[in-house]
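In: Task: produce atomic coordinates for the following.
(one chain, ligands or ions: 1)
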Amino acid sequence: MRRYRWSRLADLGFLAFLTACAAVAGAALYYHGQRLERQAATAERRLLEADALHTLDHLEQTLTTVNLTLQSLLETGYTTHDAGTWNTLLADALRHAPHLRSLSLLDDHGQVQASSNPANIGLRPALEDYLPHESGRLGLLRIGSLHTGRDLADGRPVGDPTAAPPELGFLPVIRGVAKGEAGMLSLLATVNVDYFLNRIWAHGLEQTAWIDVLRYDGALLFSTRERALDAAIQTANTDIVTGWRTGYELGGLDQAPAGHTLITTWRVARALPIGVLARAEREQAVQAARLEIHRQAIILVPLIILAMAGVLAGYVALRRDARRRIAAQDRDFDRMACLLDALPASVLLFGQDGRALLTNRAWQEFAATHAAQVPHGALHYRDYARLFRPDGSRSDDTAEAGIGAVLLDEKPAFEGEFTLADGHSALRLLARPFSHDRLRGVVVLQLDVSDRKRAEERNRLLHAALDAAANAIVITDPDAVIEWANPAFAALTGYTPDEAVGRKPKDLISSGRQDAAFYSALWETILRGEVWRGELVNKRKDGQLYHEALTITPVPDRSGRVAHFVAVKEDVTQRKLQEHDLKRLASVDPLTGVSNRRVFMERLAFELARVRRYGEAAALLMLDLDHFKLVNDRHGHAAGDAVLRSFTERAAAELRQTDTLGRLGGEEFAILLPETDEAGACELAERIRLRLAGQPIEYGGQSIAVTVSTGVALLESTDPHADAVLARADEALYRAKQRGRNRIECADALR
Ligand SMILES: Nc1nc2c(ncn2[C@@H]2O[C@H](COP(=O)(O)OP(=O)(O)OP(=O)(O)O)[C@@H](O)[C@H]2O)c(=O)[nH]1
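Out: Numbers count the residues shown, from 1 in each chain. Have a look, this model is predicted:
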């Protein structure tokens, strides 16, 4: 994973940093050492300058004193020609000049005439290389070169300025004075070199330094060193001394003749042709500084190493801790990945840079199935989101905008339903932010909701179908509590679905027309899981009764237990009314509205059964209009019909509720009189006869007089059937006709 790469980079970076720190510490130490060395070298140069100045000052003072001494002696002994006097004079002067070995008087030929040291007398010292050269200026002090030995008598020039200085040496100087025409007198003093060397040592010349006092021509005057100079230094000296003639008074440089690193300073006298060269080996001069550096390094380097080791150890501990944490994270990640792989939904984790950190197996399978659309390689959430387009049902946001908003913490969550570019797959996307340790980003859950969408669409259609159904449909729970009802239910019962839900049908629409047995049979059927079909009378919200054809279908759940009942109700009130009308039409005479022959005969049979069972009295009247044919003939058939209707109305007006008037055919009628004996029957027949005969029937402006003949028969328990009673009544009627009509006759059995 990338974090491992970053981790290795961090390690390399830290090591580079540590190395840089070590390099900086080393460089600082080195710079510090160099600085100390430079300081030591500078201090050494200052000391050398001081030494050179001091030496030159002392030398100049001394030689000036010598010059004055010589001048004084020459002036004093100018007129003296006696050597003995000079000897005394010079010996006395020498006693006051500890820096001199001897004083000698030289004649015009350069031979010693008198001397503080008798051994010098008669010597002729070589004066050619004294500087400055003889120029006629007698007042000048001319300086010779270093001689080995104690005095002129045992002395000889050292010659080579690079040679080791002699243990015992002197420096001759001379000053001349003109003495008449005879020539020139000169005083030659031998300066004690040890005198200067002691002063230099007493002044504190460092062990590492040495001083060479040279003339302008490079001749050595004296030196504090004990050894000879090598050729390289001599060459360097020559370069320096050559420069003196051009007037350098003070100088210094770091020379590096072969095999040396020298600190060199010099000082040149103004009045004398001499200069002082103070030198030290740089290596020796900075030795102490080096030792100090080493001492400091011995302390600092271990401290630095310890500090760096401490930092390194701390870093290693931190890294180890971080690695442990990362390993723990990885284990968490692996566990999470394992769990995510077990999910049927696609899960994708996008990091803050928008790239996929983790995808589960479901996504990989999805990507393989839709390889043509899913981009290959590292998946970015934008490429992922562009696979989908909003279906408009839940969110107007594009997947890209929604997921991006969650990733940027602009939204706490996002969800929406989309269709894949192929248009077939319906997908639900849910995006939530996630944070795990330092890992942050967005987790996207992708659910395939195609089946659900199809089911929703199917449900929507079914719902629409149920809503559009003409029949009322009610769904109840097993306790008959209404859970759902369609609009047709409201149209049928007057109760809206909202009013119906939560209540039972029996509390809403029961009319009480069905008894308990009816309902128990119904429940018995549906609780067995069978469909019940039937018709019943229910009551609308407004109290109106109606007929419904009801089908109740039990709907079992997966365990087989009845979970719901679906009731389909059809309003059959109209059909019932039509049936009733048909039934009524089949039972009445259409002209008069009284019972027709079939119904009348049924009632007669029923009444006969009652008579037979209970022994009650009952009578039958048979009535026939007299000469009805003449009515038709005279007044027309319509008038005949009107007479028939008028007759039945008048007869019915005389009847009780329980009596039945029936038309047996043509102008022949019958009346069944339950609980009526012969007298009652005859009385009734008489009233009917009188009512008809007493008032003509008015029709079409005509007055039609009609009479009726009646035969009376009682129903006997011995009668085998209704026709037997009818036959007896018919016989009585026949007799009434025979006996003149408009009269009442009883059956034979009654007589
Ligand atoms: N207007 C009319 N006439 C009917 C109807 N049914 C039967 N008739 C007539 O009734 C008459 C019956 O005549 P008849 O059987 O001869 O009896 P009648 O003329 O009444 O003579 P009696 O019964 O002997 O007194 C016939 O002329 C039938 O056509 C009916 O529904 N309307």
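In: For the closest residue in space to residue 541 that isn't next to it in sequence, give me its contacts.
Out: Of all residues beyond its chain neighbours, the one nearest residue 541 is residue 494 (3.1 Å), with distances taken as C-beta to C-beta, 6 or more residues apart in numbering. No exception for glycine: its C-beta is placed from N, CA and C like everyone else's. Each residue near residue 494 by C-beta atoms under 8 Å, 6 or more residues apart in numbering is listed here: 540-542.
In: Relative to the ligand, how far out is residue 494?
Out: Residue 494 sits 47 Å away from the ligand, going by C-beta to the nearest ligand atom, to the nearest Å.
In: just residue 480 next, same as before
Out: For residue 480, the distance to the ligand - C-beta to the nearest ligand atom - is 56 Å.
In: got the residues of the stretch 651-751 of the chain near the ligand?
Out: Proximity of the stretch 651-751 of the chain to the ligand (C-beta under 6 Å from any ligand atom) is limited to residues 666-667, 737, 741.
In: List the buried residues for the helix or strand harbouring residue 584?
Out: Using DSSP states H and E, residue 584 sits in helix 573-587. Buried residues in helix 573-587, counted by 16 or more other C-beta atoms under 10 Å: residue 576.
In: cool, stretch 463-474 as well?
Out: For stretch 463-474, by 16+ other C-beta under 10 Å, it's 466, 471-474.
In: What average pLDDT does that stretch get?
Out: Stretch 463-474 shows a mean pLDDT of 90.
In: any idea which of the residues of the stretch 651-751 of the chain next to the ligand has the most stuff around it?
Out: residue 667 (21 neighbours; other C-beta atoms under 10 Å).
In: dump the residue contacts of that one.
Out: 624-625, 628, 644.
In: Please apply the same query to residue 241.
Out: 214, 216-218, 275, 277.
In: Out of those residues, just show me the ones up against the ligand, please.
Out: Answer for these near the ligand: none qualify (C-beta under 6 Å from any ligand atom).
In: The closest residue to the ligand within the chain: neighbouring residues, count only.
Out: The nearest approach of the chain to the ligand comes at residue 640, 2.3 Å away (C-beta to the nearest ligand atom). Per other C-beta under 10 Å, the neighbour tally for residue 640 reads 24.
In: cool, and residue 590?
Out: Neighbour tally, residue 590, other C-beta under 10 Å: 8.
In: Make sure it is indeed in a strand.
Out: No: under DSSP: H, G, I helix; E, B strand; the rest coil, residue 590 falls outside any strand and is assigned coil.
In: measure it to residue 663 for me?
Out: According to C-beta to C-beta, to the nearest Å, residue 590 stands 10 Å off from residue 663.
In: what does residue 711 give?
Out: Residue 711 is 16 Å from residue 663, by C-beta to C-beta.
In: ok, the residue of the chain closest to the ligand - contacts?
Out: Residue 640 touches 628, 631-632, counting by C-beta under 8 Å, 6+ apart.
In: And it, which helix or strand is it part of?
Out: helix 637-652.
In: Contacts for the following helix or strand past that helix next, please.
Out: Using DSSP H and E, the next helix or strand after helix 637-652 towards the C-terminus is strand 660-665. Residues from elsewhere that reach strand 660-665 (C-beta under 8 Å, 6+ apart): 589, 591-592, 594-597, 599-600, 603, 622, 644, 648, 651-652, 655, 669-672.
In: Give me the mean pLDDT for strand 660-665.
Out: So the average pLDDT for strand 660-665 ends up being 95.
In: residues of that strand that come out buried?
Out: Buried residues in strand 660-665 (16+ other C-beta under 10 Å): 660-664.
In: so how far is the first residue of stretch 440-458 from its last?
Out: Taking C-alpha to C-alpha, to the nearest Å, stretch 440-458 runs 41 Å from one end to the other.
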